[in-house]
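J.: output the structure for:
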Amino acid sequence: MRLHLRGVVLPDDEVRDLWVCDGRISFEPIRDAETLCATGWIVPGLVDAHCHVGIRYGGGHEDRAGAIAQAETERDAGALLLRDAGSPIDTRFIDERADLPKIIRAGRHIARPKRYIRELGIELDDERDLPDIVAEQARRGDGWVKIVGDWIDRAAGDLRPLWSDAILKEAIDAAHREGARVTAHVFGEDALGGLIGAGIDCIEHGTGLTDETIEAMVRHGTALVPTLINIATFPEIADGATKYPAYATHMRDLHRRVRDTVAAAHDAGVPIYAGTDAGGGIHHGRIADEIEALAAAGLTRHEALAAASWKARAWLGRPSIEPDAPADFVVYEADPRSGRSALDTPAYVVLRGRVYPRRDPVTGHR
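T.: Just a heads-up that it's a prediction; the model follows:
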């Protein structure tokens, strides 16, 4: 398919012409190209940097058909690159589908017995096995490994770290030797210092960040994916934890101050990227909600969109809109930085040069 597009191309904010041939972008005219649009805003394909294709909504492993449906939902929302922050199933079959987003895999969550969601992760009885398991998951993944940094300890009745600082350093070093980066699920305060000090590359959620740990993230170059639409469920989680009042109070407090926490991290210079935590308790296809939540937490609308597009792509080592890059972009009729209505209604999603027109939200038809 040969296409021609003209519009405001982000992030440069320049009106220019693009052509697509054989699934690739060209800045040079291509003969016999069909004009897809003559106006609008053209944005590098959106990125959901914390997305669980393979976890069924409500919990459990998704089957093949369900995982494909999840990936289709992400595509239709404009999320064309997904960083899988832990999945219980092998989703490499999705790589065979030219009509589905690319997934950057982190393998399975690594946790301790009874210290994470059942059946999703690899559970280690002995923390000394962590470096070997991290290295194994690094070899199986696409450059990322996911550790569960904290979870409720029912004996203590609140969030507690899963690992000693020394073993975290060994494990993260092991991943780095394999050429992989490491991220960690962290809700509370106590696990952050050890993870950041051990050289972790990214923190997921990060609701327990303090001025001290934010400063440490800046020193170490640690990124943050705050998953704000997931944090919005903390009061509901607390309501269901009546047996653990300290944990419930803690979760409500983390929720109450999350916008201030993210704003402080942003102001300090921590790199922030958009991730929805889709799968399990969050429906897929909600990247627009996460962008809006980032804007409400102190990022400018331009920064929030960048966190879910060109900046996230650069962080993950993927191109944006440039010559010979895969033709993965989203076309909007109005500036997607102008507000939710514009962002939520892409005119076209273009994935590897194939056009997916807007889906009618009522009928489901294109």
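
J.: once you drop chain neighbours, what's closest to residue 206?
T.: Take residue 206 and drop its neighbours on the chain: the residue closest to it by C-beta to C-beta, 6 or more residues apart in numbering is residue 224, 5.0 Å away. All C-beta spots, glycine's among them, are computed from the backbone N, C-alpha and C.

J.: tell me which element the one you found falls in.
T.: Secondary structure from DSSP states H and E places residue 224 in strand 223-225.

J.: may I have the beta-bridge partners of the residue nearest to residue 206?
T.: The residues listed as beta-bridge partners of residue 224 by DSSP bridges are residue 203, residue 272.

J.: and if you look at residue 26?
T.: residue 19.

J.: gap between it and residue 16?
T.: Separation of residue 26 from residue 16 (C-beta to C-beta, to the nearest Å) stands at 12 Å.

J.: okay, these two: which has more neighbours?
T.: Neighbours per residue, other C-beta atoms under 10 Å: of residue 26 and residue 16, the larger number sits with residue 26, 20 against 13.

J.: do a quick rundown of the helices in the stretch 201-350 of the chain.
T.: Under the criterion DSSP state H, counting those that start in this stretch, helices of the stretch 201-350 of the chain are mapped to 211-220, 228-231, 234-239, 245-256, 258-268, 287-296, 301-307, 310-315, 340-343.

J.: and what of the stretch 1-150 of the chain?
T.: Assigned by DSSP H, counting those that start in this stretch, the stretch 1-150 of the chain shows helices spanning 64-76, 130-140.

J.: quick one: contacts of the shortest one?
T.: Contacts of helix 130-140 with the rest of the structure, by C-beta atoms under 8 Å, 6 or more residues apart in numbering, involve 105-108, 110, 122, 124, 145-147, 163, 167-168, 170-175, 177-180, 182.

J.: in it, what's buried?
T.: Buried positions in helix 130-140, judged by neighbour count with 16 or more other C-beta atoms under 10 Å: 130-131, 133-138.

J.: need the pLDDT of the most centrally placed residue in the chain.
T.: The residue lying closest to the centre of the chain (C-alpha atoms, centre = their mean) is residue 49, at 1.7 Å. As predicted, residue 49 sits at a pLDDT of 98.

J.: that one: what's it in contact with?
T.: Contact partners of residue 49, counting by C-beta under 8 Å, 6+ apart, are 83, 85, 225, 273-275, 308, 312, 315-316.

J.: so which of the helices of the stretch 1-150 of the chain is nearest residue 218?
T.: Evaluated over the helices of the stretch 1-150 of the chain, closeness to residue 218 peaks at helix 130-140, with 24.7 Å, by C-beta to C-beta.

J.: in CSV, list the C-alpha atoms belonging to that closest one.
T.: Presented in CSV, the C-alpha positions along helix 130-140 are these (Å, rounded to 0.1, in the frame of the first residue of the first chain):
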residue,chain,number,x,y,z
LEU,A,130,17.2,-14.6,42.4
PRO,A,131,20.3,-13.8,40.4
ASP,A,132,20.1,-17.0,38.4
ILE,A,133,16.4,-16.7,37.7
VAL,A,134,16.8,-13.0,36.7
ALA,A,135,19.6,-14.0,34.3
GLU,A,136,17.4,-16.8,32.9
GLN,A,137,14.4,-14.4,32.4
ALA,A,138,16.8,-11.9,30.8
ARG,A,139,17.8,-14.4,28.2
ARG,A,140,14.1,-15.3,27.5
